[in-house]
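Student: no FASTA, just this:
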């Protein structure tokens with residue numbers, strides 16, 4: 001297995017966040033930033049629900065170890081979480097995919113358009 005080197009310089013951390021947002025999506029940048037601040041496995045990050053967050057703390061059961069994690073959220077993590085929740089108030093999961101929702105909406109809209117055109121003939 002290849003050796004992995006930690007990213008330690010703040011400039012590189014910011015650059016990676018910026019590149020993820022520009023080249024992929026804001027959500028990928030959010031995953032990177034929250035992951036850095038919480039130091040959890042990706043499986044645990046993706047399973048975080050908004051209901052797991054109470055008074056500036058994240059309380060979850062880690063999937064691999066089964067241990068209960070009670071993590072104090074720093075200000076950056078809290079700000080990112082608040083922003084995600086404000087942008088996606090109907091989401092259950094913190095890092096819930098919204099690409100499928102948009103794709104489904106486009107498919108639904110085009111289907112409704114086809115139905116309307118066929119019905120109006």
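Tutor: All right, it came through fine. Because the structure is a prediction, the values reported are computed rather than measured. Numbers count the residues shown, from 1 in each chain.

Student: so residue 59 sits in a strand?
Tutor: Yes - going by DSSP: H, G, I helix; E, B strand; the rest coil, the assignment for residue 59 places it inside a strand.

Student: how close does it sit to residue 52?
Tutor: Per C-beta to C-beta, to the nearest Å, residue 59 is found 6 Å from residue 52. C-beta coordinates here come from the backbone N, C-alpha and C atoms, glycine included.

Student: higher neighbour count, these two?
Tutor: Using other C-beta atoms under 10 Å, the more surrounded residue of residue 59 and residue 52 is residue 52, with 16 against 13.

Student: wouldn't that one be in contact with residue 58 here?
Tutor: Yes - between residue 52 and residue 58 there is a contact at 5.8 Å, judged by C-beta atoms under 8 Å.

Student: contacting residues around residue 27?
Tutor: Residues counted as contacts of residue 27 (C-beta atoms under 8 Å, 6 or more residues apart in numbering) are 95, 97, 98.

Student: how about residue 57, what does it touch?
Tutor: Residue 57 makes contact with 70, 71, 72, 73 under the criterion C-beta under 8 Å, 6+ apart.
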